[in-house]
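Peer 1: When you get a sec, could you give me coordinates for this:
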Amino acid sequence: MPLPVQTTAQPTDAVTTINKYRQYVTIIADPASHNHDARLKAAQEISENFEIIISSPHYPTFLETAIQRFVRVLREENPVFIAESQIQQLRKLLLEIIHRIPTNDHLRNYVTQVLELMFFLLDRENEENVLVCLRVIIELHKQFRPHMAPEVHQFLHFVKKIYKEIPTNMKTLEGMQVSPTPDALNIQLYVERPGFATQTIITINQSDGSKVQQTILPRGINSLKVLAEYPIIVVLMYQLYKQTVHSVVAEFIPLIMNTIVLQPSQQARSSAHFNKEMYVDFVAAQIKTLSFLAYIIKIYQELVNSCAPQMVKGILGLFQHCPSEVAHLRKELLIAVRHILATDLRNRFVPSIDKLFEESVLVGSGWTSKESLRPLAYSTLADLVHHVRQHLPLQHLSLAVHLFSKNVHDESLPCSIQTMSCKLLLNLVDCIRTKSEQEHGNGREILMRMLEVFVLKFHTIAKNQLPPIFKKVRNQGTNSSTNEKTINLSLGVTSSQTTTTDSSTSVPATPATPAPATPGFPQSNPFQSSSSGASTPSITVSGTQVVVSDKEKEKELKEEVKPKTYLPTNSAQHSNYTVTDCRNLVKTVICGVKTITWGVSSCKSGGAETSFAAQNKQFHPKETAVFVKLVKYALQALDIYQIQVSTTGQMVVRPANTQSVRLKEEKEVLEHFAGVFTMMHPLTFKEIYTTTIDFVVERIHQNFPLQIVANAFLANPTTSATFATILVEYLLDRLEEMGTNLERSNLYLKLFKLVFGSVSLFAAENEQMLKVLLKNNE
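Peer 2: As a prediction, the model looks like this:
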């Protein structure tokens, strides 16, 4: 039947319009027609104008005609396995039209009929059409929730059969059975062969000497792309028909375990016949299958537990062999594993957890994976380590410390991941101490290395993170007071304010050399905003726009043309941390140092010298040197609390001589810091603060609330007399400066007041100390 003639004028009569499209349906369904081109064009007209058909008041009559005839065409006519064939294009288009039908009451009467057709086509159709059929099955079950039908049980048994055949079909993937070259004259033999298959392009010589390429489509039952879609439908069937299919779904668990452990041999991978593209599809199917297991694992936990060794082996194999170029598959794998590790089955990973500490296994070697998946990967691993830490031997605890210590200093990771890594390390301290005693290991050495990591983090915060934050705050305050004046970001003040800016709003001068960073790949930072294409560079701080000077523009342009590197090489990498981020990080690291110090001082070791020191809570000179660095770096990092944030988001730097602490958190952090040293042996404490007293007083001058630390020492019976002696000796040596510098004089008087206050607390020790010092100073 010829295609109706098209006119340029739009029909105004709704009946005429719908009859035109019903005539197209008749052309498509004409069993005697061999004009496949006309049938395809009719289907294309319906597809392109489907929205017009749906909006017609006569849409129900069209739907009745279309469904009946489309179903008959798809059921009675044989599928075709050549993608370029007009019959294949027609069948796929009809399935897509069915999929596009709105899931409303008009379709409800035909749901059973359509679903029967979709299930019927699953083992007959080619890959492309089966994928559409599966989408139709999912959509209709989601929207209409039909009653349990025999086809559901048949489908579940059909899927089970496919899973049972996977080990046999692996021979095709491994290249042990070389696929024959397709015969252009008898493609059906090629399509019907057993084993996994993928789309194959063949070249056909025409009678006129030209060559035409054709794409052979595999059968749906041999397609790995189709295999990857089955698990989600099985999950959907379980959700809808839980009571009926519970026992049937349980039978999938051994099949799932057998599937996820399958991997081509190394010999097969190196074979010339190994199909890498097909292997990627196979891994995708395995990961989808694992996601299915993650969904039902809590329901069938006992049954899964009986197969746990296979599960662990399969998951580790997927991590090791997941192709590096498909980062989205590794992400799905990590998400599925995260759900599995949320159950008690996490303990089954303890014997093999050392493999997960290898970044090449956990994150993979691909650039995209390293760029985007490390936060997810490390948070998943941290959660596992936290829950099983009591069961880990010292060797594995040491590996965990090594990995997460690198993360603490990896500035390409978000601040939240660095903070999480710090918290995990704290949770390992007691386990390391206990396991070291049980195994007579080197727990004290591990803890001291952990302490060095935390001390270096203070150095990084003070040198690389605080200066950009203070710069932004100063710019914000200056911009507010000068309105539209241009601000020199490199100085942080306007020219009119240069002479009036004092040390109360500045950061102590520090070298700009960044701390050593762990080599790694950069990562998208959630705190980093994308740059705009505006002609005038600007920075927005808490809603305030800061205009950049010409000199700064030139500097930024020079930085933009520098070759990019994967390592954090300058402070620009650190400038995106917020005040809250830095405060949380500093607080976490301070608490961590206190916990580690307790762990080291109470950790017994095999060496006689070390054991003696541990019993007396006394540190070796090498260990004491670490605490000296701690004092110097931590007291600088604590300047983050000088920045005060108002309820409106306005940030200001408080004056250095502020007497009171407005933040309860700051007071608690300073007391925690003081607690690090009050638990030490007096000789170690004396060694540290005799060395650093000059620096400590200077820091109190720059940030007076730090006197809370000095006050805590003077108020503690263990350290009061020692610190009072050190402080008074320092002050007596500087009596000559009193009166020459007003700020210094006020500071020294306040420190004298602190010392005299400690005498009333501990009169016996401190009063005698004062008498001796004053007598010697006469």
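Peer 1: For stretch 682-699, the averaged confidence score.
Peer 2: When pLDDT is averaged along stretch 682-699, the result is 94.
Peer 1: before we move on, what about stretch 155-164?
Peer 2: What stretch 155-164 shows for mean pLDDT is 95.
Peer 1: And the helices in the stretch 1-150 of the chain?
Peer 2: Under the criterion DSSP state H, counting those that start in this stretch, helices of the stretch 1-150 of the chain are mapped to 14-29, 36-48, 50-55, 59-76, 86-100, 105-108, 111-121, 127-144, 150-174.
Peer 1: Please identify the buried residues of the third one?
Peer 2: Using 16 or more other Cβ atoms under 10 Å as the test for burial, helix 50-55 gives Phe50, Ile53. C-beta: built from backbone N, CA, C; applies to glycine.
Peer 1: how far is it from where the chain is centred?
Peer 2: Distance of helix 50-55 from the chain centroid (Cα atoms, centre = their mean, to the nearest Å) equals 43 Å.
Peer 1: Return the list of helices and strands in contact with that helix.
Peer 2: Using 3 or more Cβ pairs under 8 Å, 6 or more residues apart in numbering; DSSP states H and E, the elements in contact with helix 50-55 are helix 14-29.
Peer 1: if you set the cut-off to 6 Å instead, what comes out?
Peer 2: On a contact count with 3 or more Cβ pairs under 6 Å, 6 or more residues apart in numbering; DSSP states H and E, helix 50-55 meets no helix or strand.
Peer 1: pLDDT (mean, whole number) over it?
Peer 2: 93.
Peer 1: what separates Lys225 from Leu255, distance-wise?
Peer 2: Distance, Lys225 to Leu255, by Cβ to Cβ, to the nearest Å: 19 Å.
Peer 1: what's the burial count for Tyr689?
Peer 2: For Tyr689, the neighbour count with other Cβ atoms under 10 Å is 24.
Peer 1: again, but for the one 10 residues further on
Peer 2: Taking other Cβ under 10 Å as the criterion, the count of residues near Arg699 is 22.
Peer 1: repeat for Val212
Peer 2: By the criterion of other Cβ under 10 Å, Val212 has 11 neighbours.
Peer 1: Show me what counts as buried in the helix or strand hosting it.
Peer 2: Taking DSSP states H and E as the criterion, Val212 maps to strand 211-216. By 16+ other Cβ under 10 Å, the buried positions in strand 211-216 come out as Gln214, Ile216.
Peer 1: Over to the closest residue to Tyr163 other than its chain neighbours: give its phi and psi.
Peer 2: Of all residues not flanking Tyr163 in the chain, Leu255 sits nearest, at 4.1 Å (Cβ to Cβ, 6 or more residues apart in numbering). As for Leu255, its main-chain torsions (degrees, to the nearest 10) stand at phi -70, psi -40.
Peer 1: go on, Ser324?
Peer 2: Main-chain torsions, Ser324, degrees, to the nearest 10: phi -70, psi -20.
Peer 1: what's the burial count for it?
Peer 2: For Ser324, the number of neighbouring residues by other Cβ under 10 Å comes to 15.
Peer 1: Assess the claim that it and Ser365 are in contact.
Peer 2: Yes - with contact defined as Cβ atoms under 6 Å, Ser324 and Ser365 form a contacting pair (4.8 Å).
Peer 1: Now the common contact residues for the two.
Peer 2: Listed contacts common to Ser324 and Ser365 are nil; contacts here mean Cβ atoms under 6 Å, 6 or more residues apart in numbering.
Peer 1: Show me what the helix or strand harbouring Val676 packs onto, helices and strands only.
Peer 2: For Val676, the host element (DSSP H and E) is helix 664-678. Applying 3+ Cβ pairs under 6 Å, 6+ apart, one finds that helix 664-678 contacts helix 579-601, helix 707-714.
Peer 1: rewinding a little: contact partners of the strand holding Val212?
Peer 2: Counting by Cβ under 6 Å, 6+ apart, 81-84, 182, 187, 199-206 sit against strand 211-216.
Peer 1: For that strand, what does the pLDDT average out to?
Peer 2: 86.
Peer 1: The stretch 651-778 of the chain: helices as residue ranges?
Peer 2: Under the criterion DSSP H, counting those that start in this stretch, the stretch 651-778 of the chain contains helices at 664-678, 682-702, 707-714, 720-732, 742-761, 763-776.
Peer 1: Export stretch 15-31 to CSV, keeping only CA atoms.
Peer 2: What follows is stretch 15-31, C-alpha atoms only, in CSV (Å, rounded to 0.1, in the frame of the first residue of the first chain):
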residue,chain,number,x,y,z
VAL,A,15,-10.6,12.6,13.1
THR,A,16,-8.8,13.1,9.8
THR,A,17,-5.5,13.4,11.6
ILE,A,18,-5.9,10.3,13.7
ASN,A,19,-7.1,8.3,10.7
LYS,A,20,-4.0,9.3,8.8
TYR,A,21,-1.8,7.7,11.5
ARG,A,22,-4.2,4.7,11.8
GLN,A,23,-3.5,4.2,8.1
TYR,A,24,0.2,4.2,8.8
VAL,A,25,-0.4,1.4,11.3
THR,A,26,-2.3,-0.5,8.6
ILE,A,27,0.7,-0.2,6.3
ILE,A,28,3.1,-1.4,9.0
ALA,A,29,0.9,-4.4,9.8
ASP,A,30,0.1,-5.5,6.2
PRO,A,31,1.3,-9.1,6.1
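Peer 1: for the stretch 101-250 of the chain, which spans come out with low pLDDT?
Peer 2: Filtered on pLDDT under 70, the stretch 101-250 of the chain yields the residue ranges 175-186.
Peer 1: hang on, the earlier thing: including distance to Thr168, could the helices of the stretch 651-778 of the chain go into CSV?
Peer 2: Shown next, in CSV, are the helices of the stretch 651-778 of the chain (distance: least, Cβ to Cβ, whole Å):
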stretch, distance to Thr168
helix 664-678, 63
helix 682-702, 69
helix 707-714, 71
helix 720-732, 77
helix 742-761, 82
helix 763-776, 84
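Peer 1: closest to Leu333 out of those helices?
Peer 2: helix 664-678 (39.0 Å; Cβ to Cβ).
Peer 1: angle of the closest one against helix 720-732?
Peer 2: Interaxial angle, helix 664-678 versus helix 720-732 (axes from the mean of the first three to the mean of the last three Cα atoms, to 10 degrees): 100 degrees.
Peer 1: quick check: angle from helix 664-678 to helix 707-714?
Peer 2: With the same axes, to 10 degrees applied, the angle from helix 664-678 to helix 707-714 works out at 40 degrees.
Peer 1: which regions of the chain lie under the pLDDT threshold?
Peer 2: Judged by pLDDT under 70, the stretches of the chain that qualify are 1-12, 175-186, 477-576, 605-617, 659-662, 766, 768-778.
Peer 1: mind checking how far the residue nearest to Cys431 when sequence neighbours are not counted is from Leu447?
Peer 2: With sequence-adjacent residues excluded and distances taken as Cβ to Cβ, 6+ apart, Cys431 is closest to Arg389, at 4.8 Å. Distance of Arg389 to Leu447, computed by Cβ to Cβ: 14 Å.
Peer 1: repeat for Ile315
Peer 2: From Ile315 over to Leu447 the distance is 31 Å, taken as Cβ to Cβ.
Peer 1: Neighbour count for these two, which is higher?
Peer 2: Just comparing Ile315 and Leu447: by other Cβ under 10 Å the higher neighbour count belongs to Leu447, 27 against 24.
Peer 1: I'd say that one and Ser601 touch.
Peer 2: No - contact criterion Cβ under 6 Å: Leu447 and Ser601 do not qualify, at 9.5 Å.
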